[in-house]
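1. Next comes the sequence, and after it the predicted model I'd like to discuss.
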Amino acid sequence: MAFLIKTETFHNQLTSKVTTMKIGIIGTGPVGGSLTKNLAALGHQVKVTNTRQPAELAQKAKELGASPATLQDVVRDVDLVFIAVPFKVLDEFPKDLFRSLPPEVIVVDTGNYYPFRDEKIDALEQGTPESVLAAEQLGRSIIKAFNNLLAETIASGGTAPGTPGRIALSIAGEDEQAKQVLADLCNDLGFDVVDGGTLADSWRQQPGTPAYCTELTAPELTQALANAVPGKAPQIRDEIISALMQREAWPTRQEVVAGNRAKQQGKM
Ligand SMILES: NC(=O)c1ccc[n+]([C@@H]2O[C@H](COP(=O)([O-])OP(=O)(O)OC[C@H]3O[C@@H](n4cnc5c(N)ncnc54)[C@H](OP(=O)(O)O)[C@@H]3O)[C@@H](O)[C@H]2O)c1
């Protein structure tokens, strides 16, 4: 099902094919903040928004190497938008926010659904893949990516192309051209890329699946996506969250990844 997306930069990091892009990022939490910082460091023009008052947003944007923008402006005059907010927030966006964007703007959903945080959403409880509902709510084509890497992995887990054990992420969606552009960007951010299929396939990279935050190489991730069992992930997701809540201290990135891998192998 899944195959490697070809990245021209894979064998030579000095020949990145990604030109400077104009990028809008909604959310400056661990995921949006990490993406902003690393994309700005690569030379992209990044603007960000969050829920804070202008002065606080401006300060945050400056720290991350980006410019501050309102929610309406962060999606305007950009090549690509990353959405990095809790799932339940998508339905609260103004209804015309994404519908009015030119079709060539790439919109990337980095989010996950966690019922303890987002409250139960009937369609998702009944098995609709999260990004299928997200696309419906936003009223346009989207790509799902970065949801199955921990924010800390996004921040500091990237390595040069060809590094043994290089971590891979999967990209799901219908627009092959948009997926290729994003694959090249991911490569520049330090990650190999695996095609996760269509949005309808994206349940294979949701929380609780073998592909979720287990830090796999491209061949391992391809196998993990294929190994996902329909309907199994929500229970595993909830058991992992329940175990995390009982801990006194939040685990390290290494502990989370080791725990996720052990859970998939039935060792927890
Ligand atoms: N954390 C991870 O390791 C991880 C990894 C992969 C995927 N994810 C998923 O990615 C998404 C983001 O994760 P996160 O950990 O970065 O989340 P987070 O810590 O909750 O941060 C969310 C960000 O979204 C902003 N926000 C919330 N509502 C908004 C609105 N209406 N308009 C504009 N901005 C809004 C928040 O603004 P304020 O700063 O003003 O509060 C905050 O900056 C979630 O769906 C999460 O499940 C998380």
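-> All right, it came through fine. All figures in this text were calculated on a predicted structure; none of them were measured in a lab.
2. can you count the residues close to the spatially closest residue to Thr36 that is not a sequence neighbour?
-> Excluding its sequence neighbours, the residue lying closest to Thr36 (CB to CB, 6 or more residues apart in numbering) is Leu64, at 4.3 Å. Using the backbone N, CA and C atoms, a C-beta is placed for each residue, glycine as well. Leu64: 23 surrounding residues under other CB atoms under 10 Å.
3. Contact partners for Leu64?
-> Contacts for Leu64 (CB atoms under 8 Å, 6 or more residues apart in numbering) come out as 28, 33, 36-37, 40, 46, 48.
4. switch the cut-off to 10 Å
-> Contacts for Leu64 (CB atoms under 10 Å, 6 or more residues apart in numbering) come out as 25, 28, 32-41, 46, 48.
5. How about Lys22?
-> By CB under 10 Å, 6+ apart, the contact list for Lys22 reads 44-47, 76-81, 105.
6. Can you list phi and psi of it for me?
-> phi -100, psi 120 (degrees, to the nearest 10).
7. Residues of this protein that sit close to the ligand?
-> 26-32, 49-52, 71, 84-87, 89, 92, 110-112, 147, 150-151 (CB under 6 Å from any ligand atom).
8. How many residues are close by the residue of the stretch 1-150 of the chain found nearest the ligand?
-> Among the residues of the stretch 1-150 of the chain, Gly29 lies nearest to the ligand; the distance is 2.2 Å by CB to the nearest ligand atom. Neighbourhood size, Gly29 [other CB under 10 Å]: 12.
9. related to what we said a few turns ago, can you flag the buried ones in the contacts of Leu64?
-> 25, 28, 32-40, 46, 48 (16 or more other CB atoms under 10 Å).
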